[in-house]
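Asks: How does the following fold in three dimensions:
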Amino acid sequence: MAEDELFWKIQRQSVFLIIGLGVTGKAVVSLFSQKKIDFYILNREKASAKDRTFLKKLGVPLKKFLIDDGKNEEVKALFSIVDKIMLSPGVPRTTPLVKKAQEKNIPILSEFDFFFPLIKKKKIIAITGTNGKTTITKLCDEILKTKHQVFCGGNIGRPLSEAINDINRYEIILVELSSYMLEEIKQFRPNIAVISNLSEDHLDRYRHFTHYIQTKFNLLKWMKLNDVFIKNIDDNHIRKKKTKKLTTIAVSIENNDSYHVKNHFIYKKSRKYLDLAKINLTSHPINILIAITIGEINNIPAKNIKQALVSFKPLEHRLEMIAHERYLIYNDSKATTLESVINAIEILFAKHLKKMRLIIGGKGKNFSFSKLKHYGEKIEKLYFYGDEGLKIKRELNQTNSVFLKSFREIVANAYQEMTNDEILLLSPGCASFDQFDNYQARGDCFKQMIKNF
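Replies: Predicted coordinates for the structure are as follows:
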């Protein structure tokens, strides 16, 4: 019997509970339905019309869909029949239901742990960090696919579950992992791991910053001596963190025996490698150096790496320039941390030498914005909105600022006050969930409003 067939045969002996019906949850439901796995679904909200249509197409009866409202007796009864739990990344492990499962010693599995036996013979490259991980992942995908069949997914948008049936066609599994995906790693082992950088994030979910850092370093937990850790030594938190013995490759902008950046050129040792001006990417150069390093480790020719970098198209919602006949306007809706906001300010000011009208706000993550006080000479005015907006405004105590609860109203206000000598920048520094489903919806709304203006 083939290894994957044996894997599924074993899984059919268990009853699963899939907690969360987001992108990952739906992908798991689809796959389990196809593989004839017995499962129930638990969600925090009622099944929407879309959800019901989705389940109906798969032949999943609605009685298999339960709501976790803390009162449902059917949910409590599930623990007597469920053998394993598949937990979606967005569901915290601190929820009462997950704690109860832990008390009953029911295995709680993540997507990457669960499917690791089916991908462990592939080359696995895993990328995490606070900022820049999506850019690095996409850059690596463009570089690696010049010579290899690559699955690119994870937190970047495509769940691993969607590719499991075709996994044999891929030579490399390239995944972006959020801290949520790394909270419990029981066997997942990448061959190459990257932690791009670390700054305060998700402090609404983690007890303190050190807990968040440790969660990121869980990525290295099962790696072995011959596995490669690409270490950004320009980041203090990463440089100082003691890790197990691995094959470590240090990357740095200024102090590197291999690639480094000087006067807007990438150098390999003492020789010019590539002009940064040729890369259409408003991103920190360290991200580019990491991608080049991964390409080189995988024996991608230098000409292929350079071509992939030069032809790379910037990510939507990440310092995305919006075409406008009068003003400079940037959509950075993906910026959900303070460090990413500061990065946007520094990049755009260096590029245009113009002050900016900065839109900040959304759903907070319990970190301070006080560092923004040091960037006053680069900011014309601050525009705060959403659940966190007023709190940030009070913390910064800047006279040239305004708060409006509505995202649409604050965008209109900022646009109306624009002049030709300024930049309008949406770089919220917060999650989008107070007024939008995700950062993409927030960015799309911003772009549509600008178009309508």
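Asks: Every contact and neighbour count from this point should use C-alpha atoms.
Replies: Fine.
Asks: contacting residues around stretch 30-43?
Replies: Residues outside stretch 30-43 that contact it (Cα atoms under 8 Å, 6 or more residues apart in numbering): 8, 11-12, 14-21, 58-60, 64-68, 161-162.
Asks: Let's see that with 6 Å instead.
Replies: Here stretch 30-43 makes contact (Cα atoms under 6 Å, 6 or more residues apart in numbering) with 12, 15-20, 64-68.
Asks: gap between it and the chain center?
Replies: For stretch 30-43, the distance from its own C-alpha centre to the chain's C-alpha centre is 26 Å (Cα atoms, centre = their mean, to the nearest Å).
Asks: For it, measure first residue to last.
Replies: With Cα to Cα, to the nearest Å as the measure, the ends of stretch 30-43 fall 16 Å from one another.
Asks: now stretch 265-279
Replies: This stretch, stretch 265-279, spans 11 Å end to end (Cα to Cα).
Asks: list the buried ones in that stretch?
Replies: Neighbour counts over stretch 265-279 (16 or more other Cα atoms under 10 Å) mark 265-267, 273-276, 279 as buried.
Asks: Just the ones of those residues in strands?
Replies: Cross-referencing these against strands under DSSP state E gives 265-267, 273-275.
Asks: pull the CA atoms of stretch 293-302 into PDB?
Replies: Provided in PDB are the C-alpha atoms of stretch 293-302 (Å, rounded to 0.1, in the frame of the first residue of the first chain):
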ATOM      1  CA  THR A 293      20.400  33.500  -0.300                       C
ATOM      2  CA  ILE A 294      17.600  30.900  -0.600                       C
ATOM      3  CA  GLY A 295      18.000  30.900  -4.400                       C
ATOM      4  CA  GLU A 296      21.700  30.300  -4.100                       C
ATOM      5  CA  ILE A 297      21.200  27.500  -1.500                       C
ATOM      6  CA  ASN A 298      18.900  25.800  -4.000                       C
ATOM      7  CA  ASN A 299      21.400  26.100  -6.800                       C
ATOM      8  CA  ILE A 300      19.500  28.700  -8.800                       C
ATOM      9  CA  PRO A 301      21.800  30.400 -11.400                       C
ATOM     10  CA  ALA A 302      22.600  34.000 -10.700                       C
END
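Asks: what about that stretch, distance to the chain center?
Replies: For stretch 293-302, the distance between its averaged C-alpha position and the chain's averaged C-alpha position is 24 Å (Cα atoms, centre = their mean).
Asks: cool, and stretch 13-24?
Replies: Counting by Cα atoms, centre = their mean, stretch 13-24 is centred 21 Å from the centre of its parent chain.
Asks: tell me how far the ends of that stretch are from each other?
Replies: Start and end residues of stretch 13-24 are separated by 22 Å (Cα to Cα).
Asks: Need the three-state assignment for residue 437.
Replies: coil (DSSP: H, G, I helix; E, B strand; the rest coil).
Asks: For it, the count of nearby residues, please.
Replies: Burial measure for residue 437: 11 neighbouring residues, criterion other Cα atoms under 10 Å.
Asks: Tell me where the stretch 151-300 of the chain has strands.
Replies: For the stretch 151-300 of the chain, the strands identified by DSSP state E, counting those that start in this stretch occupy 172-176, 192-195, 228-232, 247-251, 259-262, 265-268, 271-275, in order along the chain.
Asks: per-residue confidence for residue 72?
Replies: The predicted local distance difference test score for residue 72 is 67.
Asks: Start at 26, not 1
Replies: Got it, the first residue is 26 from now on, which makes the last one we talked about residue 97.
Asks: sorry, back to before: relative to residue 323, which of the buried residues of stretch 290-304 is nearest.
Replies: When these are compared for distance to residue 323, the smallest value, 18.1 Å, is given by residue 298; criterion: Cα to Cα.
Asks: ok, and the closest non-adjacent residue to the closest one?
Replies: residue 292 (4.9 Å; Cα to Cα, 6 or more residues apart in numbering).
Asks: give the contact list for that neighbour.
Replies: By Cα under 6 Å, 6+ apart, the residues touching residue 292 are 284-286, 298.
Asks: Derive a PyMOL selection command for the buried subset of these.
Replies: Written as a PyMOL command, the selection of buried residues from the contacts of residue 292, which uses 16+ other Cα under 10 Å, is:
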select buried, resi 284+285+286+298
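Asks: Just put the contacts of residue 292 in a markdown table and tack on distance to residue 148 and pLDDT.
Replies: A markdown table is the format used below for these (distance: Cα to Cα, whole Å; pLDDT from 0 to 100):
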| residue | distance to residue 148 | pLDDT |
| --- | --- | --- |
| 284 | 24 | 87 |
| 285 | 27 | 88 |
| 286 | 29 | 89 |
| 298 | 27 | 92 |
